[in-house]
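K.L.:
coords below, sequence missing:
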């Protein structure tokens, strides 16, 4: 991200006067979010973790209603949020897992992570987008401060074990790093600025669908009718959230 931002010549020393906003965004959209999801995914069954992660747009919706006067909260967008959330629950297959036996610490971690990134959409719309800084620069500043914070709090014991598995190492660098973090945050800031907090957060309903497609195409898992129904609900929810009045 840093070298790409240098290549695009979007980094400016005077931008650092807004460092407080960059630090807040690094905490909301990276540090707390990543830590909560990694810990929660480790402690929970994947279906429950996936279902809980679907609460991101719900938190964005509620926080936008409280703190963003220019975000229009309509019945259609509310219905879209609910349908998308229900679709995520279905596609996560949470009903076939024992929710009562789930690790409470893991559940709290996922919920806090979802609340954190959900709040980041609202914070970015209210405080960061008005700065008129290029999305590439914003992503670089955010990830830079996140890197510094994580260097201070991360336990590095055994971290080199990741290099013992080629698939894990490549997935971490290309999947989680280059695509899931660098490119994702460039798109993130562009969407928040262009669409607003609620509409931009609705995109977080899509990853479970992508995960399902990967499981079917690459892993060879069977797709069920409920998965098709869930995918339809998710896309319908995203459509309703983003639909403009004619």
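P.N.:
In hand now; what should we look at? Note that the structure is a prediction, hence the values are computed from the model and not measured.
K.L.:
where along the chain do the helices fall?
P.N.:
In the chain, the helices defined using DSSP state H lie at 2-8, 19-26, 32-43, 46-53, 56-67, 75-91, 104-123, 135-153, 166-170, 184-195, 197-201, 207-214, 225-242.
K.L.:
Figure out how far the last one is from the centre of its chain.
P.N.:
Okay, so that is helix 225-242. Chain-centre distance of helix 225-242: 18 Å, with C-alpha atoms, centre = their mean, to the nearest Å.
K.L.:
can you check the first one too?
P.N.:
Relative to the chain's own centre, helix 2-8 is displaced by 23 Å; criterion: C-alpha atoms, centre = their mean.
K.L.:
do the same with the third one
P.N.:
Between the mean C-alpha point of helix 32-43 and the mean C-alpha point of its chain there is a distance of 12 Å (C-alpha atoms, centre = their mean).
K.L.:
What's the mean pLDDT across it?
P.N.:
Confidence for helix 32-43, expressed as mean pLDDT, is 91.
K.L.:
before we move on, the earlier item: single out the most deeply packed of the helices of the chain.
P.N.:
Highest mean neighbour count of the helices of the chain: helix 197-201, a mean of 27 (counted as mean count of other C-beta atoms under 10 Å). For the C-beta atoms, the positions are set from N, CA and C on the backbone; glycine is no exception.
K.L.:
residues in contact with that helix?
P.N.:
By C-beta atoms under 8 Å, 6 or more residues apart in numbering, the surrounding residues in contact with helix 197-201 are 56-57, 60-61, 63-64, 68, 71, 73, 77, 81, 118, 121-122, 124-125, 188, 191-192, 194, 241-242.
K.L.:
what about residue 162, how many neighbours?
P.N.:
By the measure other C-beta atoms under 10 Å, the count of residues near residue 162 is 12.
K.L.:
From residue 210, how far out is it?
P.N.:
23 Å (C-beta to C-beta, to the nearest Å).
K.L.:
Residue 222 too?
P.N.:
According to C-beta to C-beta, residue 222 stands 18 Å off from residue 210.
K.L.:
ok, now residue 224?
P.N.:
Counting by C-beta to C-beta, the gap from residue 224 to residue 210 is 17 Å.
K.L.:
Point out where the chain drops to low pLDDT.
P.N.:
94-102, 219, 221, 244-246 (pLDDT under 70).
K.L.:
now do 80
P.N.:
Across the chain, residues meeting the criterion (pLDDT under 80) sit at 45-48, 50-51, 70-73, 91-102, 198, 207-223, 242-246.
K.L.:
How about residue 141: what's its closest non-neighbour residue?
P.N.:
Once flanking residues are discounted, residue 141 sits nearest to residue 22: 4.3 Å by C-beta to C-beta, 6 or more residues apart in numbering.
K.L.:
residues in contact with residue 189?
P.N.:
Taking C-beta under 8 Å, 6+ apart, we find residue 189 in contact with 124, 128, 129, 135, 138, 139.
K.L.:
Next, format the residues you listed as CSV and append distance to residue 11.
P.N.:
Compiled in CSV, these are given as follows (distance: C-beta to C-beta, whole Å):
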residue, distance to residue 11
124, 19
128, 16
129, 18
135, 13
138, 10
139, 11
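K.L.:
Could you work out the most separated pair of those residues?
P.N.:
For these, the farthest-apart pair by C-beta to C-beta is 129 and 139; their separation is 13.2 Å.
K.L.:
correct me, but residue 54 touches residue 205?
P.N.:
Yes - the pair residue 54 / residue 205 is scored as a contact, 6.6 Å apart, by C-beta atoms under 8 Å.
K.L.:
Mutual contacts of the two, please.
P.N.:
Residues touching both residue 54 and residue 205 by C-beta under 8 Å, 6+ apart: 84, 85, 87, 88.
K.L.:
From residue 210, how far off is the second one?
P.N.:
Taking C-beta to C-beta as the measure, residue 85 and residue 210 are separated by 17 Å.
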